[in-house]
Every structure is written in C-alpha cells, then in structure tokens.
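>>> build me a model from this:
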Amino acid sequence: MNGSDAGTALDDILVRLARVVVAFSGGADSAFLAARANRLLGRDNVLCVTAVSASLAASEERDCTEIAREWGLDWRAVGTHETSRPAYIANEGDRCFHCKDELMDALLPIAMERGATIVLGVNVDDLGDHRPGQRAAQEKGARFPMVEAGLSKADVRELSRAMGLRTWDKPAAACLASRVPYGTPVTVGLLGRIERAEAALREVLSGAGVAPGNLRLRHAGDTVRIEIDPVVFPVIAAHHERVVAVLEAVGYRYVTLDLAGFRSGNLNWALRSESP
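Numbers count the residues shown, from 1 in each chain. I've put the predicted structure just below:
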C-alpha cells in the first residue's frame, strides 16, 4: 500500500471513530494525526491533549501550544504524575509502560465525558522496537489509527508535507527519561538537569548557525554522551571548549561525542543484549 492509499484508509478509520481525543506531543506523528482528524471530523469532534510533567521539555510544551494555535486545534494540557510512581522511578525495562498508563489514566475521563476514542500517533515503524507503552495504551482501549491504516514514518512525513504541515520534517523527539539508562533511577532533578544540558547545547549550536536536528544527551553518571547527526561533528569540534563549558556548568564532569551519531532508541540495546 502506498502513502496515498494508506492516507485514504486512515480517513476511513477516523470517520468511523467520529469523535477522538488525540494524545498530542507535537511530534510529526501526533501532529499529523491531529491535523488530519481536525480537517476531516471538525474541531468540535477532535480534542488534542498534551501531558505535561517533568519528563516533557518546556520547549516541547511551547511547541504544542504554538501548533494548536496556528492550526486552530481544540487543545488542552493536563498534568501527569508518572514521576511519582515507584515503578517509573526505578526505570527498569518497563518504564514506558508506567508512563503511558499514567497518560491513559489522565485521558480516559476526558474521553468518556466526550464520548470519544483515545487515539495515539503510532506508525508501523514503531512496532519493531521495545515499546511497552504501546501495550499500556492498548490495554486501556486506545487505538492506533495510523498502524491500522498501514502508515509508515515516511508516509506520515510525505502526507504531512502534502498537507502543508510544518511538522513534516520535525526531528524525532522522545521524553527526557529516554536519555537515562535502564536501572538508573529517574528523578525530577535528573530530568531537569538533562533538559538544561540539552537546551544549553542547542544554544551553542544555534549560535554557530547550525540547526541541531536530531540530538540526544545520554546521561551516564558524571559523564554525558552527545548523540547528534554526524554532519554536525565538525561544529562540535570547532566549538568544543564552549560545549564542554556549558555541560560542565550543569554538573557533568566528562563530555563525550558518540561517533556512531544519533540513534533513536539507542539505550534499548541493553534490553536486547539481555534477551535469551
């Protein structure tokens, strides 16, 4: 099935659902789903909800607000408290399950009040990696319309571009906890430290005239590992003194650059290596 056919299949699914609550992170996937549903079903039948907590960078929350305003979406933010859940803090391999379970607990009353179905922006390419959060969402009745329609990430970007959505080429984003290796407790303080570190590095790169694109700072105790697209390596090298200074300022002693570049879900290798 090509992207156009998958888009038509998605439209058919959304029409049958009629009223939806979109879990809206502002990323390429959820933004496309929100815009598609909004245009197809109308604003009164589509509510976009962003979960706000210490695991969401403030810059991402601002982007959600701006996108909703620009596109005329019915949008609201709700507070979630996954960082108060012991199983989430423990940060074992199922951390994402507890985060998504918390999200669903926040969305379910809203959906029930509106007589709507909760939908998430999951595409078929997301199904191959370790994603326990998807199981948590499905167990509580969420639907993945883009998976049901057979849309890949490439399809999402292609259709988003055709719709004129500015998110069509937005780099992949993930919650701040994704920077923390499994087994290291996830605390509000640590998430804040990572957020400040990434913001500081982005500022250095922007000052050098570079859009960072894909960027993750992987936390490892007093060491931070920069994962970024290899094309940016020369800029990091040219400004290495400033890069080290801003990351030391937020508490890291050692600053390293991963020569493999940015890799989404990179920390999941530990789980795969433990599998029989």
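>>> for residue 143, give me its contacts.
17, 117-120 (C-beta atoms under 8 Å, 6 or more residues apart in numbering). From N, CA and C alone the C-beta is placed, and that goes for glycine too.
>>> what do you get if the cut-off is 6 Å, keeping everything else the same?
Shown in contact with residue 143 (C-beta atoms under 6 Å, 6 or more residues apart in numbering): 117, 119.
>>> could you measure from it over to residue 23?
Using C-beta to C-beta, to the nearest Å, one gets 11 Å for the distance from residue 143 to residue 23.
>>> same deal with residue 185?
26 Å.
>>> okay, these two: which has more neighbours?
Ranked by neighbour count (other C-beta atoms under 10 Å), residue 185 and residue 23 place residue 23 first, with 24 against 11.
>>> that one pairs with what?
With DSSP bridges applied, residue 23 shows beta-bridge pairing to residue 49.
>>> which residues sit against stretch 177-189?
54-55, 83, 89, 91, 93, 194, 216-219, 267, 270.
>>> buried residues in that stretch, which are they?
Using 16 or more other C-beta atoms under 10 Å as the test for burial, stretch 177-189 gives 177-180, 182, 186.
>>> so which of the residues you listed is the closest to residue 248?
Minimum distance to residue 248 across the buried residues of stretch 177-189 is 17.4 Å, recorded for residue 179 (C-beta to C-beta).
>>> about what we covered before: in JSON lines: the buried residues of stretch 177-189, plus pLDDT, secondary structure and distance to residue 239.
Formatted as JSON lines, the buried residues of stretch 177-189 follow (pLDDT from 0 to 100; DSSP: H, G, I helix; E, B strand; the rest coil; distance: C-beta to C-beta, whole Å):
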{"residue": "177", "pLDDT": "97", "secondary structure": "helix", "distance to residue 239": "28"}
{"residue": "178", "pLDDT": "94", "secondary structure": "helix", "distance to residue 239": "25"}
{"residue": "179", "pLDDT": "96", "secondary structure": "helix", "distance to residue 239": "21"}
{"residue": "180", "pLDDT": "97", "secondary structure": "coil", "distance to residue 239": "26"}
{"residue": "182", "pLDDT": "95", "secondary structure": "coil", "distance to residue 239": "32"}
{"residue": "186", "pLDDT": "98", "secondary structure": "coil", "distance to residue 239": "30"}
